[in-house]
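K.L.:
got a sequence here, can you model it:
(one chain, ligands or ions: 2)
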Amino acid sequence: MRLKGTPVSSGIAIGRAHLISFEEIPIPSYEIADGDVDNEVARFNRALNFVVEELESVKETARISVSDESLAIFDVHIAILRDPVLKRNTIAKIIKERKNAEAAFASSVRMVLDILENSPDPYFRERVIDIKDLAAKVQMKMVGGHKKEDLNIPDPILVSSQLSPSQTGPFRQFVKAFVTEHGGKTSHTAILARSLEIPAVVGVSGTVESVEQGDEIIVDGIEGIVLIKPTLAEKEEYLEKIKAYKKKREALIFELQKPSRTVDGHQIKLMCNIDLEEELEKGTAMGAEGIGLYRSEFLYLKCAPSLPSEEEHYNIYKKIAESSYPYKATIRTLDLGGEKYFQKHLAPAEANPVLGLRALRFSLKHYDIFKTQLRGILRASTKKNIQIMFPMVTTLEDLLAAKAVLREAQDSLKRENIPYDEKIKVGIMIEVPICALNAEAFAHNVDFFSIGTNDLIQYLMAIDRNNEGVANYYDPYHPAFLRLLLSVASTAKRHKIPISICGEAASDPDLIPLFIGLGIDEFSMTPQSIPDVKAKVVSLSYKECRKIALEATKVWSGDEVKRILKSNGKTRPGVFLGMRWKKREKIDG
Ligand code: PEP
Ligand code: MG
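P.N.:
Ligands and ions are numbered 1, 2, ... in the order given. Predicted coordinates:
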């Protein structure tokens with residue numbers, strides 16, 4: 001069976017389906033040997049105690065910033081985990097049924113859920129979500145330390161309706177690919193797949209229904225195709241494709257030795273986005289000239305449900321600064337998004353988290369969390385190559401408030417005689433339309449701009465970037481978007497501040513001529529995208545890019561921009577627009 005979806009991470013993988021449902025993490029299930037019983041019971045107890053202790057410590061940290069009502073939720077959660085029946089049942093299943101700890105716990109939780117789901121009392125029914133969430137944490141703790149064999153499926157390909165970064169985390173070293181029914185090109189699962197350099201296809205409707213656990217599947221992350229139970233001929237065809245893909249990558253990597261400039265000598269800086277620590281080496285190997293975006297939320301996810309300590313912040317940022325040296329390392333402060341479950345511990349659930357207390361807005365409401373992160377960044381800045389970036393800046397007031405917290409962090413370090421870079425550069429993500437429209441005001445107050453196309457397009461088009469049902473509106477070719485970029489880039493040029501693009505659009509070679517032509521000379525992307533983009537850059541003429549980009553800003557639709565690109569700017573927009581173009585000239589006077 002052949003299904004089609006959106007390709008979001010390149011490459012081809014052949015493996016076996018490992019089906020997981022949303023909000024569940026993949027749970028290994030196997031029979032344990034008699035001699036392993038004590039060990040399994042101890043493993044379960046350790047995981048359970050760990051999560052209880054973490055909740056207690058998060059509760060203490062949260063005490064400063066959340067209401068008493070929210071604090072009481074922690075007590076309910078701790079009581080659920082301490083429930084003697086849940087514990088007794090799990091241990092009994094390990095001992096009597098010889099189940100591994102994860103499977104025993106999953107089946108005990110299922111029994112509790114069955115009772116609650118059928119309860120006539122709404123209070124008990126509402127606890128279902130809490131229990132699923134808590135159970136996932138205990139499972140994560142147990143599963144985290146697992147080895148590949150425990151998945152019981154060779155070359156596992158995770159198949160789910162949707163995946164969250166926390167679900168994929170524990171298995172990320174050995175999963176071969178992701179397939180999801182939902183999600184878009186810029187969802188964090190897609191970003192994570194690209195970071196891990198594994199193929200991924202999202203928005204494949206009907207997969208979960210059509211696939212059985214352990215079925216052989218082929219995931220083609222180039223064309224967006226998923227083949228379930230492929231025939232021998234199909235498998236052979238794809239083995240050939242894998243060979244050809246590897247050869248093409250090797251040739252592109254050879255291109256990396258060339259300097260990053262256009263044929264007419266216009267210098268372009270290619271940097272990398274880092275989500276996971278493991279990617280640092282890849283960035284260097286791909287010749288990145290620095291880190292244009294470190295998404296620090298992945299550190300928070302790793303430490304969840306605890307918060308990273310100042311020391312944990314410091315250690316990772318120091319590593320990043322060293323790995324990127326002498327180039328810049330841009331550390332973005334916390335950006336909690338709707339997909340990231342960790343948020344639930346610290347803030348009440350929101351109906352529209354993407355339009356809610358996200359990113360800098362969240363940090364400004366959680367002074368201690370924000371200041372701890374800023375102190376960690378500052379302490380790691382002694383090599384003088386770190387710069388700080390604030391995400392989702394909306395108003396100038398928010399920026400000034402963030403800079404005030406930064407000053408307080410600096411003053412506190414000074415008082416303690418702890419060294420940091422006193423001239424540390426501070427920049428913002430331009431990813432909210434109002435911020436882009438008000439770029440002039442921000443240019444007076446920051447050292448650099450970085451355009452987050454994922455969110456900027458999401459908010460411009462009023463589309464949820466994770467909703468495949470509206471993915472067709474995600475249009476980085478749209479001339480209104482390009483006009484906005486031109487205006488922001490011109491403001492940055494006038495103020496002589498660097499401007500880059502760090503959204504996923506920066507890794508699309510087809511868009512690069514437009515962006516260069518609009519006046520953007522710096523791009524940051526997942527390390528594995530650098531070879532493709534570099535190959536494009538060295539084939540371009542800056543003069544031509546400028547001409548094409550300016551023409552593209554004069555039309556009305558993304559399709560027209562694509563036609564301009566295709567004709568290499570040789571066709572005048574008026575030719576395709578016919579009457580509409582004439583009419584517009586009339587309107588424009
Ligand atoms: C963006 O919005 O383009 C961006 C780079 O940030 P994130 O994808 O982490 O929201
Ligand atoms: Mg963003």
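
K.L.:
and the helix or strand harbouring residue 42, what does it pack against?
P.N.:
Following DSSP states H and E, one finds residue 42 within helix 37-62. Helix 37-62 is packed against helix 68-81, helix 84-97, helix 101-117, helix 122-144, helix 343-346, with contacts defined by 3 or more C-beta pairs under 8 Å, 6 or more residues apart in numbering; DSSP states H and E. (C-beta placed from N, C-alpha, C; glycine too.)

K.L.:
quickly compare these and say which is most buried.
P.N.:
helix 343-346 (a mean of 20; mean count of other C-beta atoms under 10 Å).

K.L.:
now the residue nearest the centre of the chain: how far from residue 454?
P.N.:
Closest residue to the average C-alpha location of the chain: residue 188 at 3.2 Å, with C-alpha atoms, centre = their mean. Residue 188 sits 9 Å away from residue 454, going by C-beta to C-beta, to the nearest Å.

K.L.:
likewise for residue 364?
P.N.:
Here residue 364 is placed at a distance of 22 Å from residue 454 (C-beta to C-beta).

K.L.:
ok, the two, which is more surrounded?
P.N.:
residue 454 (23 against 17; other C-beta atoms under 10 Å).

K.L.:
distance between whatever helix or strand that one lives in and the chain's centre?
P.N.:
Using DSSP H and E, residue 454 falls within helix 453-461. On the basis of C-alpha atoms, centre = their mean, to the nearest Å, helix 453-461 sits 15 Å off its chain's mean C-alpha point.

K.L.:
now for it, which elements pack on it?
P.N.:
In terms of contacts (3+ C-beta pairs under 8 Å, 6+ apart), helix 453-461 is packed against helix 433-437, helix 479-494.

K.L.:
tell me the contacts of the residue of the stretch 151-300 of the chain found nearest ligand 1?
P.N.:
Closest to ligand 1 within the stretch 151-300 of the chain is residue 295: 5.2 Å, counting by C-beta to the nearest ligand atom. Listed by C-beta atoms under 8 Å, 6 or more residues apart in numbering, the contact partners of residue 295 are 273-275, 332, 335.

K.L.:
could you do residue 505 as well?
P.N.:
Residue 505 neighbours (C-beta under 8 Å, 6+ apart): 453-454, 457, 476, 511, 515.

K.L.:
follow-up on the earlier one: do you know how far the residue of the stretch 151-300 of the chain closest to ligand 1 is from residue 526?
P.N.:
Applying C-beta to C-beta to residue 295 and residue 526 gives a distance of 11 Å.

K.L.:
what sits in contact with each of these two?
P.N.:
With contacts defined as C-beta under 8 Å, 6+ apart, the residues shared by residue 295 and residue 526 are residue 273.

K.L.:
how does this protein divide into domains?
P.N.:
Domain ranges of the chain: 22-142, 259-553, per automatic domain parsing.

K.L.:
just those: most buried one?
P.N.:
domain 259-553 (a mean of 20).

K.L.:
can you tell me the closest non-neighbouring residue to residue 7?
P.N.:
Residue nearest to residue 7 in three dimensions, not counting chain neighbours: residue 224, with 3.7 Å by C-beta to C-beta, 6 or more residues apart in numbering.

K.L.:
confidence score at that neighbour?
P.N.:
The predicted structure scores residue 224 at 94 on the pLDDT scale.

K.L.:
for it, give me its contacts.
P.N.:
Residue 224 makes contacts with 4-7, 201, as judged by C-beta under 8 Å, 6+ apart.

K.L.:
which non-adjacent residue is nearest residue 536?
P.N.:
Nearest to residue 536 is residue 509, by C-beta to C-beta, 6+ apart, at 3.8 Å.

K.L.:
so which of the contacts of residue 505 are also by ligand 2?
P.N.:
Within the set of those, contact with ligand 2 (C-beta under 5 Å from the ion) is found for no member.

K.L.:
of those, which pair is most distant in space?
P.N.:
Across the contacts of residue 505, the longest distance by C-beta to C-beta is 14.5 Å; it joins 454 and 515.

K.L.:
the one residue in the stretch 1-150 of the chain that gets nearest to ligand 2: which element?
P.N.:
Closest contact between the stretch 1-150 of the chain and ligand 2, by C-beta to the ion, is at residue 8 (16.1 Å). Taking DSSP H and E as the criterion, residue 8 maps to strand 6-9.

K.L.:
hmm, that strand in reach of ligand 1?
P.N.:
No. Strand 6-9 is not in contact with ligand 1 by C-beta under 6 Å from any ligand atom; minimum separation 12.6 Å.

K.L.:
what helices and strands are in contact with that strand?
P.N.:
helix 188-196, strand 200-202.

K.L.:
helices and strands around the very next helix or strand once past that strand, which ones?
P.N.:
Using DSSP H and E, the helix or strand that directly follows strand 6-9 along the chain is strand 12-19. Using 3+ C-beta pairs under 8 Å, 6+ apart as the contact test, the elements touching strand 12-19 are strand 156-160, strand 216-220, helix 232-255.

K.L.:
which other residues reach strand 12-19?
P.N.:
Here strand 12-19 has contacts from 26, 151, 153-160, 175-177, 198-199, 208, 211-222, 228, 230, 235, 238-239, 241-242, 245, using C-beta under 8 Å, 6+ apart.

K.L.:
again, 6 Å this time
P.N.:
With contact meaning C-beta atoms under 6 Å, 6 or more residues apart in numbering, strand 12-19 is reached by 26, 153, 155-159, 176-177, 199, 211, 213-220, 238, 241-242.

K.L.:
also stretch 109-116?
P.N.:
Residues outside stretch 109-116 that contact it (C-beta under 6 Å, 6+ apart): 124, 127-128, 135.

K.L.:
ok, now with 8 Å
P.N.:
83, 85-86, 89, 124-125, 127-128, 131-132, 135.

K.L.:
got the contact list for residue 313?
P.N.:
By C-beta under 8 Å, 6+ apart, the neighbours of residue 313 are 296, 299, 372-373, 375-377, 380.

K.L.:
which pair in the residues you listed spans the largest distance?
P.N.:
Greatest spatial distance in the contacts of residue 313: 299 and 375, 14.3 Å, computed using C-beta to C-beta.

K.L.:
hmm, the residue of the stretch 1-150 of the chain closest to ligand 2 is touching residue 192, no?
P.N.:
No. With contact defined as C-beta atoms under 8 Å, residue 8 and residue 192 do not form a contacting pair (10.1 Å).

K.L.:
distance of residue 433 relative to residue 480?
P.N.:
Here residue 433 is placed at a distance of 10 Å from residue 480 (C-beta to C-beta).

K.L.:
pLDDT score for the closest residue to ligand 2 within the stretch 51-200 of the chain?
P.N.:
Residue nearest to ligand 2 within the stretch 51-200 of the chain: residue 186 (8.4 Å; C-beta to the ion). Looking at residue 186, its pLDDT is 78.

K.L.:
just give the number of residues close to it.
P.N.:
The burial count assigned to residue 186 is 22, neighbours taken as other C-beta under 10 Å.
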